[in-house]
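*Asks:* Give me a 3D structure for the following:
(2 chains)
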Protein chains: 2
Amino acid sequence: MSGPVLIIGTGLLGASIGLGLRARGIEVLLSDLSPSAQAVAQDIGAGRVLEAGQAATPQLVVVASPPDVTARLVSQSLRDYPAAVVIDIASVKASVLAELQQDQSLGPAELARYIGTHPMAGREKAGPVAARGELFTSMPWVLCPHELTDAKALKTAQALAIDLGAVVSRMSVEEHDQSVALISHLPQVMSSLLASRLQDTEPHALALAGQGLRDVTRIAASDPSLWVQILGANASRLVKILYGVREDLNRLIGTLEEPEAAGARLDLAQLMSEGNAGQARIPGKHGAPPQSYAWLTVLVDDRPGQIAQLLTEIGAVGINLEDLRLDHSSGQDKGMVEISVLPSRRQELIDYLDSHGWKVLQ
Amino acid sequence: MSGPVLIIGTGLLGASIGLGLRARGIEVLLSDLSPSAQAVAQDIGAGRVLEAGQAATPQLVVVASPPDVTARLVSQSLRDYPAAVVIDIASVKASVLAELQQDQSLGPAELARYIGTHPMAGREKAGPVAARGELFTSMPWVLCPHELTDAKALKTAQALAIDLGAVVSRMSVEEHDQSVALISHLPQVMSSLLASRLQDTEPHALALAGQGLRDVTRIAASDPSLWVQILGANASRLVKILYGVREDLNRLIGTLEEPEAAGARLDLAQLMSEGNAGQARIPGKHGAPPQSYAWLTVLVDDRPGQIAQLLTEIGAVGINLEDLRLDHSSGQDKGMVEISVLPSRRQELIDYLDSHGWKVLQ
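*Replies:* Numbering: from 1, shown residues only, chains lettered A, B, ... in the order given. Take a look at the predicted model:
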């Protein structure tokens, strides 16, 4: 990237892109409908506010607005900055491209300079105050070139993502929207549908909640206003997947309404096995093929330093942690640390920990 | 507990109870329909096999069999050992009690010696080989006395749970089954229904999978054969909750079929907000009221010792970790460590880590 880069929309993502680029010495111009949002973004060092009417010749325009105004701002930018590559970062891609393709004010030469992208990063908090230049580090950033996108646009978008430390992948807008409907939008609504059932629960029931319930409902805490836009923009793809969920739910309800009926147990087993099969397809970390890591659980006191001490000893043996979870139980000052390691190292680690005074449970 | 304790069914849970009691010096007798299962349980030190026809006068009989034969074995035990307290540990309670109450061979004096219980502990693996004496440490153990349960039975069951380190709570069989339908059986089926959709996904879509999808689908890997018995035994309660899920799912599908219709966005926002509200009711650890911990994320290299070093430094500042997660991205040898601490300590920790060379992202 040489810059300058104009960022339109200085919320969490726009301001984070600004911070990341500034840290690499690239000139950044900021613009937001909200004077206070662009002022805050400038104050935190995400770039310099481009005043209305002021001339600029950006190398790249990044439209980082809410999804529902994205296409309009991309179109405006393609006309305002005839030498610039223009990208957007909305989390749904086909609807933006369709709107641009129907835009009478844009010809093939304009559309050639546009490419849709989706950095798959975020935070629980919104706004420029929450921005971090490292937000995209190691996260996927999908590029969705369309048939008119030229090589320069693709290269510029790729350079941005790489400069910000992201892991670039490329697919069509259709592939992208299908993918996120399944791996992002579906989990969100399933978690929300489940969590919704907890609204009127007795506290004594919730007191029995374990890690399973916590895991499945964690993302149900997400911001409704953002998700309304995302789900609305990808409604046609998500709803098709939900038809399949509804079919399975009806099969499940059927087996539970008559659990003693012929075949009910078999149907139930089939439904659970299909869940097994789907879950097993989720890839392991580092893009590796799905792999079963070996887990073990260590019992620790719930006080500062205990877990650090444990991990220090594991590190000293030279075994890399593949994953780690803390599991606390209600009403107890003890915790379980679940550790996953390569299967080939598991027994060695158990032997070591056993012989060094740790309580290994599994 | 004085013992002896007779454990009928030496699978994971039965053998774990045996190991835990033996570690406390209590005499344990073992019995299982499978000669090899009871032999393995004896070999790992869970107790001594009670041969068929051999006399015994147990203080307590623990029926730890599969759910579908539990009531029959409890009934048999109440008659075989007229001085013993008899408990079961099946994960669904009302159906067992109902079967016993209809059992013509049992009078009030027998039923008084019975109490249903549910230790909420488990592992991914089954069988006595997977048993651990510490399996119940800090985990909930629900006691479900019925109207005839006498004080001695209640006290004995309580002593067992406490001896094994569990956190005892008490509720009726109906309250128990309602509670687990919601906080255990519902999350299981929602996770399975979601994971099932992943069966035919393209690998490029799964490569974008993030922590959200992994969390929501983790328990979809559970053993179908066990869950068929559990869901079957609690079918009537679970299905009522699933009617509510289906109603919400239909509302959701309605909004997505016509996302531009009047009120569709409002309905969608309402559905997401209901998920927020339910999720917020899940209690914090240590049985504390739901509390928002403050999160921060630290970027680390993915090599042995890095996380240990980080936690050592956090421990040295005297700040207790409330929770911790590892987040790896596909294709990168870097990881994020998400740390939650009491909100009042968050800024202090960020300042410390910043000044000691760590990359704090949020």
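*Asks:* tally of neighbours for residue A:5?
*Replies:* A count of nearby residues for residue A:5, using other Cβ atoms under 10 Å in any protein chain shown, gives 26. Using the backbone N, CA and C atoms, a C-beta is placed for each residue, glycine as well.
*Asks:* and it, what does it touch?
*Replies:* By Cβ atoms under 8 Å, 6 or more residues apart in numbering or on different chains, the residues touching residue A:5 are A:17-18, A:21, A:26-29, A:47, A:58-62, A:160.
*Asks:* export the residues you listed to CSV and tack on distance to chain B, pLDDT and secondary structure?
*Replies:* Shown next, in CSV, are the contacts of residue A:5 (distance: Cβ to the nearest Cβ, whole Å; pLDDT from 0 to 100; DSSP: H, G, I helix; E, B strand; the rest coil):
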residue, distance to chain B, pLDDT, secondary structure
A:17, 15, 97, helix
A:18, 16, 97, helix
A:21, 17, 97, helix
A:26, 20, 97, coil
A:27, 24, 97, coil
A:28, 20, 98, strand
A:29, 25, 98, strand
A:47, 20, 97, coil
A:58, 27, 97, coil
A:59, 27, 97, coil
A:60, 24, 98, strand
A:61, 25, 98, strand
A:62, 20, 98, strand
A:160, 17, 98, helix
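*Asks:* which of the residues you listed lies closest to residue A:355?
*Replies:* Distances from residue A:355 to those, taken as Cβ to Cβ, are shortest for residue A:17 (50.4 Å).
*Asks:* Count the neighbours of the closest one for me.
*Replies:* With other Cβ under 10 Å as criterion, residue A:17 counts 29.
*Asks:* Same question for the one 4 residues further on.
*Replies:* Residue A:21: 25 surrounding residues under other Cβ under 10 Å.
*Asks:* How about residue A:111?
*Replies:* Neighbour tally, residue A:111, other Cβ under 10 Å: 23.
*Asks:* Just the buried residues from the contacts of residue A:5, in PyMOL please.
*Replies:* In PyMOL, this line selects whichever of those come out buried by 16 or more other Cβ atoms under 10 Å in any protein chain shown:
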select buried, chain A and resi 17+18+21+26+27+28+29+47+58+59+60+61+62+160
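*Asks:* out of the contacts of residue A:5, which one sits closest to residue A:361?
*Replies:* Distance to residue A:361 across those (Cβ to Cβ) is lowest for residue A:17, with 44.8 Å.
*Asks:* That closest one reaches residue A:164, doesn't it?
*Replies:* Yes. The pair residue A:17 and residue A:164 passes the contact test of Cβ atoms under 8 Å, sitting 6.7 Å apart.
*Asks:* where do the contact lists of those two overlap?
*Replies:* Counting by Cβ under 8 Å, 6+ apart, the residues touching both residue A:17 and residue A:164 are residue A:136.
*Asks:* Residue A:103: what's its closest spatial neighbour, skipping adjacent residues?
*Replies:* Spatial nearest neighbour of residue A:103, excluding adjacent residues (Cβ to Cβ, 6 or more residues apart in numbering or on different chains): residue A:75 at 5.0 Å.
*Asks:* Revised request: answer the last question for residue A:239.
*Replies:* Once flanking residues are discounted, residue A:239 sits nearest to residue B:256: 4.0 Å by Cβ to Cβ, 6+ apart.
*Asks:* And the one you found, how far from residue B:271?
*Replies:* From residue B:256 across to residue B:271, the span is 10 Å (Cβ to Cβ, to the nearest Å).
*Asks:* so where's the stretch 101-250 of chain A uncertain?
*Replies:* Judged by pLDDT under 70, the stretch 101-250 of chain A has its weakly predicted residues at A:123-125.
*Asks:* And the strands in it?
*Replies:* Under the criterion DSSP state E, counting those that start in this stretch, the stretch 101-250 of chain A contains strands at A:114-119, A:140-144, A:167-170.
*Asks:* Spatially nearest residue to the residue of the stretch 101-250 of chain A found nearest chain B, not counting backbone neighbours?
*Replies:* Nearest residue of the stretch 101-250 of chain A to chain B, counting by Cβ to the nearest Cβ: residue A:192, 3.0 Å away. Residue nearest to residue A:192 in three dimensions, not counting chain neighbours: residue B:275, with 3.0 Å by Cβ to Cβ, 6+ apart.
*Asks:* Which strand or helix spans the one you found?
*Replies:* Here residue B:275, judged by DSSP states H and E, is contained in helix B:264-279.
*Asks:* tell me which residues in the helix or strand following that helix are buried?
*Replies:* Downstream of helix B:264-279, the first helix or strand assigned by DSSP H and E is strand B:294-301. Neighbour-count burial for strand B:294-301 flags B:294-300 (criterion: 16+ other Cβ under 10 Å).
*Asks:* Same check on stretch A:35-54?
*Replies:* Using 16+ other Cβ under 10 Å as the test for burial, stretch A:35-54 gives A:37-38, A:40-42, A:44, A:46-50.
*Asks:* Repeat that for stretch A:71-86.
*Replies:* Within stretch A:71-86, the residues that count as buried by 16+ other Cβ under 10 Å are A:71, A:73-78, A:81, A:84-86.
*Asks:* Could you do stretch A:110-126 as well?
*Replies:* For stretch A:110-126, burial by neighbour count (16+ other Cβ under 10 Å) applies to A:110-123.
*Asks:* so which of the strands of the stretch 101-250 of chain A comes closest to residue B:260?
*Replies:* Closest to residue B:260 of the strands of the stretch 101-250 of chain A is strand A:114-119 (Cβ to Cβ; 21.4 Å).
*Asks:* Work out the gap between that closest one and the centre of the chain.
*Replies:* Relative to its chain's centre, strand A:114-119 lies at 15 Å (Cα atoms, centre = their mean, to the nearest Å).
*Asks:* got a list of contacts for that strand?
*Replies:* Contacts to strand A:114-119, defined as Cβ under 8 Å, 6+ apart, come from residues A:13, A:74, A:78, A:85-91, A:93, A:96-97, A:100, A:136, A:139-146, A:148-149, A:153-154, A:157, A:161, A:164, A:166, A:173, A:176, A:180.
*Asks:* among those, which are in helices?
*Replies:* The members of those that map onto helices under DSSP state H are A:13, A:74, A:78, A:96-97, A:100, A:153-154, A:157, A:161, A:173, A:176, A:180.
*Asks:* of these, closest to residue B:352?
*Replies:* Of all the ones in helices among the contacts of strand A:114-119, residue B:352 sits closest to residue A:13, with 28.0 Å by Cβ to Cβ.
*Asks:* Wait, that closest one touches residue A:135, no?
*Replies:* Yes. Residue A:13 is in contact with residue A:135 according to Cβ under 8 Å; the separation is 7.5 Å.
*Asks:* what sits in contact with each of the two?
*Replies:* A:121-122.
*Asks:* Quick one: neighbours of residue A:188, just the number.
*Replies:* Other residues near residue A:188 number 21, with proximity taken as other Cβ under 10 Å.
*Asks:* contacting residues for it?
*Replies:* A:219, A:222, A:227, A:231, B:212.
*Asks:* One more: residue A:259?
*Replies:* So residue A:259 contacts A:265, A:268, B:231-232, B:235 (Cβ under 8 Å, 6+ apart).
*Asks:* Would you map out the domains in chain A?
*Replies:* A:5-171, A:177-279, A:294-360 (automatic domain parsing).
*Asks:* between those, which gets nearest to residue B:129?
*Replies:* Across those, residue B:129 has its closest neighbour in domain A:294-360 (13.8 Å, Cβ to Cβ).
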